[in-house]
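Undergrad: Quick one: sequence and predicted model below, then my questions.
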Amino acid sequence: MSMFERILIATDNSPLMRNAIQYTAQAFPYADYHLINVINTSDGSIPQTPLMQSHLKKIAKEALKKGSNILKDMGIADVKLAMPSGRPSKEIMKYTYKKNVDLIVMATHSKSGTQRVHIGETAIHSLQLTHIPSLVFSCECEPKIPASIFNPTSFSKYSVEASILAQDLASYFGARLTTFHFGSKDPGEAVGKIKNRAKKKGIEFDLVIDKDANDEKLLRESKKYDLMVGSRGRGSLIYKFRHLIPRLALSNLEKELIAEGSIPFLMIGD
C-alpha cells in the first residue's frame, strides 16, 4: 500500500521535471499516477490563433508522452493522462478535486535575489490555492527512498499538521526524522504531542529547538537530508484571509526554502 494513493504530476518537457518524476516514482511506486499538462489559454502574451493552439497541443502531447514513458521505465503502467485548456493552476486544482488526488507533484525553475524570491507562476499559484500536500522540486536530486527527513516548524496550528505528516512519512520510508523548531513562539504542549506520537510510531526521531535560527541556517541544515516537509508557514491572523487573498497563503520563508533548497519540499496546505 502506498503512502499516497493517487498522485498527480503537473508535467513539462524539462530535465528537472524528468528528475521529479523519477524521484516520485522511486519513493511511491504503488500509487495510481496521473499526468497533466495544461494548454495555457490565459496568457495574454500568447497569440490565441489556431496555429499557436496547434503548436501548444503538440508540446503538451510530447510532455505527456515523455512523462508516461519515464513512469513506464520505472515500472509504473496504466498512467492517466489529461490535457485541458485554461489557466494552468486552476485546471490543475479542478483535476485534483475531480479525481480525489492526494499528492500533487510540480517542478519549478526557481531563482532568488536580493529583492525577492521567485517561484514559477504555475507552482506558486497552485501552492496558494490547494489544501492537498504538494511535492515541489526546484533542483535535481538522486531518485531514492528518503532515508532522512527534515521538518522545520514553528509549532503553529498548521505546522503541527506538517510535523504529523513528516512522522507518517518517516514511518513509511523507515527514515530518520528531525523536527527543527525555530521562531520566538514557545512550542508549548505541541512538543509533548509530537514526541509522544513519534515514540508510539517507533520512528528514529530528533527534536531540535533553536529559536534564533534564521532562513540561512534552515537552508544549511536541510542540505543534510533527503526530503523536507513543512507547512505554508502562515500561523497568524492574516492566514485566515488566504481564501480571499491567495497570496497571503504562503510565507516568504517557505518561498525561500522552495526556491533555494537543495532537496524536494513537501508542503501541506491546511
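TA: Yep, that arrived. Keep in mind that what you see is a predicted model, and the values were worked out from it rather than measured.
Undergrad: tell me the domain ranges of the protein?
TA: Split into domains by automatic domain parsing, the chain comes to 6-137, 148-267.
Undergrad: Hmm, residue 218 is touching residue 152, no?
TA: Yes - using CB atoms under 8 Å as the test, residue 218 is close enough to residue 152 to be in contact (5.2 Å). For the C-beta atoms, the positions are set from N, CA and C on the backbone; glycine is no exception.
Undergrad: Common neighbours of these two, please.
TA: Overlap of the contact sets of residue 218 and residue 152 (by CB atoms under 8 Å, 6 or more residues apart in numbering) consists of 180, 182, 257.
Undergrad: what's the closest of those residues to residue 134?
TA: For these, the residue nearest residue 134 by CB to CB is residue 257; the value is 13.1 Å.
Undergrad: Tell me which of residue 218 and residue 152 has more neighbours.
TA: Neighbours per residue (other CB atoms under 10 Å) separate residue 218 from residue 152, with residue 152 holding more: 31 against 21.
Undergrad: which residues touch that one?
TA: Counting by CB under 8 Å, 6+ apart, residue 152 makes contact with 180, 182, 218, 221-222, 228, 230, 257.
Undergrad: mind putting those residues in a markdown table, distance to residue 99 and secondary structure included?
TA: Compiled in a markdown table, those are given as follows (distance: CB to CB, whole Å; DSSP: H, G, I helix; E, B strand; the rest coil):
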| residue | distance to residue 99 | secondary structure |
| --- | --- | --- |
| 180 | 34 | strand |
| 182 | 36 | coil |
| 218 | 34 | helix |
| 221 | 36 | helix |
| 222 | 31 | helix |
| 228 | 26 | strand |
| 230 | 25 | strand |
| 257 | 28 | helix |
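Undergrad: before we move on, back to that, turn the domains of the chain into JSON lines, columns for mean pLDDT.
TA: Shown next, in JSON lines, are those (pLDDT from 0 to 100):
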{"stretch": "domain 6-137", "mean pLDDT": "85"}
{"stretch": "domain 148-267", "mean pLDDT": "85"}
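Undergrad: Residue 125: neighbouring residues, count only.
TA: Residues near residue 125, counting by other CB under 10 Å: 20.
Undergrad: Equivalent analysis for residue 56, please.
TA: 20.
Undergrad: Touching, it and residue 40? I think so.
TA: Yes - checked against CB under 8 Å, the pair residue 56 and residue 40 is within contact range at 7.1 Å.
Undergrad: What ranges does the chain have for its strands?
TA: Along the chain, the stretches classed as strands by DSSP state E are 6-10, 32-36, 39-40, 80-82, 85-86, 103-107, 111-112, 117-118, 134-137, 148-153, 176-181, 205-209, 227-230, 265-267.
Undergrad: Most tightly packed of those strands?
TA: strand 227-230 (a mean of 28; mean count of other CB atoms under 10 Å).
Undergrad: got the CA positions of it in PDB?
TA: The C-alpha coordinates for strand 227-230 follow below in PDB (Å, rounded to 0.1, in the frame of the first residue of the first chain):
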ATOM      1  CA  LEU A 227      13.400  15.400   1.900                       C
ATOM      2  CA  MET A 228      11.900  18.500   3.600                       C
ATOM      3  CA  VAL A 229       8.400  18.600   5.000                       C
ATOM      4  CA  GLY A 230       6.700  21.800   6.100                       C
END
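Undergrad: Just checking: what are the partner strands of it?
TA: Strand pairing for strand 227-230, determined by DSSP bridges: strand 148-153 (parallel), strand 265-267 (parallel).
Undergrad: For those, give me CSV that also has distance to residue 175.
TA: Shown next, in CSV, are the strands paired with strand 227-230 (distance: least, CB to CB, whole Å):
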stretch, distance to residue 175
strand 148-153, 5
strand 265-267, 12
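Undergrad: Can you give me the neighbour number for the residue nearest to residue 19 when sequence neighbours are not counted?
TA: The shortest distance from residue 19 to any non-neighbouring residue, by CB to CB, 6 or more residues apart in numbering, is to residue 140 (4.4 Å). By the criterion of other CB under 10 Å, residue 140 has 15 neighbours.
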